[in-house]
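Novice: Following is a predicted model, sequence given first.
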Amino acid sequence: MAVDDDIRILSGVSLFSELANEHLRLLAFGSENVSCPSGTILYRQGDPADGAYVVVKGRVVLFRERDGESEDLATLDAGTLLGEMALIADTRRMTHARADTQTELLRVNRKLFRRVLEEYPELAAKLHQRISRDLQDLLARITALGPRFG
């Protein structure tokens, strides 16, 4: 895939939507194109997470295994970022991920993402604001659900 195509794909991802073209170009140059046939396991729950994936084409299923049975949690289509936390923090995968169809992905590793943030501190500040807003929204939704479980 051409770098301009990768830039276009990255710009459509919520986390990267506020990045300037030069930032997206750096991410695109350093990202890895991954092609997976249907059924390929991208990662397993508990694996160390050192990067995120953007679904370019195809579908990815997030699932968990309990008592030997697979439980699908979500299906992710083109334009979706999976493993976002791995770009920011040293973490482990919370689910399994499997290509549901022939799937094309862009893999962005944490080291590259952090390097871009270090080189552009104003970008890091914007990202911090976005994450803070997202956490506040999440807390508000959890608080609203509280009475249902009380």
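Specialist: Perfect, I can see it now. Fair warning: this is a prediction, and the values are worked out from it, not measured in the lab. Numbers count the residues shown, from 1 in each chain.
Novice: Okay, now the unreliable bits of this structure?
Specialist: Along the chain, the model assigns pLDDT under 70 to residues 1, 150.
Novice: for it, what's the longest helix?
Specialist: The helix that spans the most residues within the chain, counting by DSSP state H, is helix 121-149.
Novice: Tell me which other helices or strands that one touches.
Specialist: helix 110-119 (3 or more CB pairs under 8 Å, 6 or more residues apart in numbering; DSSP states H and E). In short, each C-beta sits where N, CA and C put it, glycine included.
Novice: cutoff 10 Å now
Specialist: With contacts defined as 3 or more CB pairs under 10 Å, 6 or more residues apart in numbering; DSSP states H and E, the secondary structure elements packing on helix 121-149 are helix 85-88, helix 110-119.
Novice: Can you list the neighbours in contact with the first one?
Specialist: Think helix 85-88. Contacts made with helix 85-88 from outside it, assessed by CB atoms under 10 Å, 6 or more residues apart in numbering, are listed as 15-16, 43, 48-53, 81, 91-94, 108-114, 117, 127-128, 131.
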